[in-house]
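> Fold the following, please.
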Amino acid sequence: MEKKTALVVGARGVIGGRLVEHLTSLPDWDVIGVSRRGAAERDGVRHVAVDLLDAPSARAALADERDVTHLFYAAYQDHPTRAALLGPNQAMLENAVDAVEAAAPGLRHVSLMQGYKVYGAHLGPFPTPAREEDAGHLPPEFNLSQQAFLERRAGPWTWSALRPSVVCGTALGNPMNLVLVIAVYAAMSRELGIPLRFPGVPGAYDTLLEMTDAGLLARATVWAATEPAAANEAFNVTNGDLFRWNDMWPRLAAMLDVPVGSPLPMSLAEAMADKEALWDRMVAEHGLRPTPFAQVSSWAFGDAVFSWNYDFLADGSKLRRAGFTEHVRTEGMFEDLFTQLRRDRIVP
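As a prediction, the model looks like this:
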């Protein structure tokens, strides 16, 4: 097989970390991880610390990466407003592409990770099922601006854009990890002897939604980056099934060995603000891996997901028609990820 070299930007996140794992399992890929803090080399993956907000620094840090053939971009910097999101996220992508283009004459493909913000899903009820050809919405929207940049810049290389729903994985220290939100919330409820109550806003318990397994997303991402039929296209990537919390929540409670209670609207960010001491006690008493509370706290993201009192789903048929036909059963995904968190001694 012809050897390819992947440079994964955002390699320590839920999406990028799982993508690195998948790429290293394939015999024809060398993998370089990029993140702001970097990391020690592990499992043959060399990690590079890069500040993508500093263009000269980024170019210098990546100057020796001459063998890169595929750039996988999965970085994201959060900000409280839509306008503030655009500047840094646009700059990081442009600086990454500039730096890799300058260093690697054999660059073939740039893969961009997006999400349902493209469809305005974060703003309120949006047309569902959302389709890749749906019209955009009033800017600023950094996902659309990033894609427009790739469309303008492509030529020597092709691009693809992946649009997952809520991505589910086990990475720690990530501000958007729903699986960890649910697992830690359930563990604390059990520790306190109280039932697990759905904390979302009224109506959210009954709406339709879908998830995206991080492993499935990784496989779809590599497929789209190497399949000629997927070049210069955007794809929704979902598990392939739908659910309502009113059916899934009791199942999750059973998986996590805690009784389920009736829904009770609350802000997890507020309710968990004073729970660091409880967490530290649980870590000690249950022999868990010493993990700071901040590393398992994605409460604001949980509040956002549990506030969706409207259907949250997209049409995944374009991806299937193009040739990627894998799917994941969402209930089984949750069970597998909870099992992994327990096996890794992150939760009891």
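
> for stretch 180-193, the distance to its chain's centre please.
Distance of stretch 180-193 from the chain centroid (CA atoms, centre = their mean, to the nearest Å) equals 22 Å.

> Output that stretch as PDB, restricted to C-alpha atoms.
Only the C-alpha atoms of stretch 180-193 are listed here, as PDB (Å, rounded to 0.1, in the frame of the first residue of the first chain):
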ATOM      1  CA  LEU A 180     -18.900  12.100  30.700                       C
ATOM      2  CA  VAL A 181     -21.600  14.500  31.700                       C
ATOM      3  CA  ILE A 182     -24.100  11.700  32.000                       C
ATOM      4  CA  ALA A 183     -21.700   9.200  33.700                       C
ATOM      5  CA  VAL A 184     -20.400  11.600  36.300                       C
ATOM      6  CA  TYR A 185     -23.900  13.100  37.000                       C
ATOM      7  CA  ALA A 186     -25.200   9.500  37.500                       C
ATOM      8  CA  ALA A 187     -22.300   8.500  39.700                       C
ATOM      9  CA  MET A 188     -22.900  11.600  42.000                       C
ATOM     10  CA  SER A 189     -26.600  10.900  42.100                       C
ATOM     11  CA  ARG A 190     -25.900   7.300  43.200                       C
ATOM     12  CA  GLU A 191     -23.300   8.500  45.800                       C
ATOM     13  CA  LEU A 192     -25.900  10.900  47.300                       C
ATOM     14  CA  GLY A 193     -28.700   8.300  47.300                       C
END
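
> Now that stretch: buried residues?
Using 16 or more other CB atoms under 10 Å as the test for burial, stretch 180-193 gives L180, V181, I182, A183, V184, Y185, A186, A187, M188, S189, R190, E191. Heads up, the C-betas are built off the backbone N, CA and C, glycines and all.

> check which helix or strand covers the nearest residue to the last one once chain neighbours are set aside.
Spatial nearest neighbour of E191, excluding adjacent residues (CB to CB, 6 or more residues apart in numbering): M282 at 5.7 Å. Assigned by DSSP states H and E, M282 falls within helix 276-285.

> elements contacting the following helix or strand past that helix?
Downstream of helix 276-285, the first helix or strand assigned by DSSP H and E is helix 299-305. Applying 3 or more CB pairs under 8 Å, 6 or more residues apart in numbering; DSSP states H and E, one finds that helix 299-305 makes contact with helix 178-192, helix 268-271.

> Report the mean per-residue pLDDT for helix 299-305.
On average, the pLDDT along helix 299-305 is 97.

> Any chance you could list what contacts it?
Outside helix 299-305, the residues that touch it by CB atoms under 8 Å, 6 or more residues apart in numbering are 122, 166, 175-178, 181-182, 185, 199-200, 267-269, 271-272.

> mind listing what's buried in that helix?
For helix 299-305, the neighbour count (16+ other CB under 10 Å) marks W299, F301, G302, D303, V305 as buried.

> So which residues of the protein form strands?
4-9, 29-35, 46-49, 70-73, 109-113, 158-164, 166-168, 208-209, 211-213, 233-237, 243-244 (DSSP state E).

> Out of these, the one nearest E227 is which?
For the strands of the chain, the distance to E227 is smallest for strand 158-164, at 8.7 Å, taking CB to CB.

> elements contacting that closest one?
Using 3+ CB pairs under 8 Å, 6+ apart: strand 158-164 touches strand 109-113, helix 142-153, helix 214-226, strand 233-237.

> Would you mind pulling up the elements that the third one packs against?
For helix 214-226, the packing partners by 3+ CB pairs under 8 Å, 6+ apart come out as helix 14-24, strand 70-73, strand 109-113, strand 158-164, strand 166-168, strand 233-237.

> Take these and lay them out in a markdown table including mean pLDDT, distance to A63 and mean neighbour count.
A markdown table is the format used below for the helices and strands packed on helix 214-226 (pLDDT from 0 to 100; distance: least, CB to CB, whole Å; neighbours: other CB atoms under 10 Å):
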| stretch | mean pLDDT | distance to A63 | mean neighbour count |
| --- | --- | --- | --- |
| helix 14-24 | 96 | 22 | 24 |
| strand 70-73 | 98 | 15 | 28 |
| strand 109-113 | 98 | 18 | 24 |
| strand 158-164 | 98 | 23 | 24 |
| strand 166-168 | 97 | 31 | 25 |
| strand 233-237 | 98 | 31 | 23 |
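
> closest one to R46 among those?
The nearest among those, by CB to CB, is helix 14-24 at 10.9 Å.

> ok and the closest one relative to strand 109-113, angle-wise?
Orientation check (axes from the mean of the first three to the mean of the last three CA atoms, to 10 degrees): helix 14-24 against strand 109-113 gives 140 degrees.

> one step back: just the buried residues of stretch 180-193 now: which is nearest G261?
Nearest to G261 among the buried residues of stretch 180-193, with distances taken as CB to CB, is S189, at 8.5 Å.

> hang on, isn't that closest one packed against V258?
Yes: assessed by CB atoms under 8 Å, S189 is found in contact with V258 at 5.4 Å.

> Quick check: neighbours shared by these two?
Joint contacts of S189 and V258 (CB under 8 Å, 6+ apart) are P195, L196.

> Need the outlier residue of the chain, farthest from its centre.
In the chain, the residue that sits farthest from the middle, by CA atoms, centre = their mean, is G193; the gap is 31.9 Å.

> can you pull the contacts of it?
Counting by CB under 8 Å, 6+ apart, there are no residues that G193 touches.

> pLDDT score for it?
With respect to pLDDT, G193 has a value of 98.
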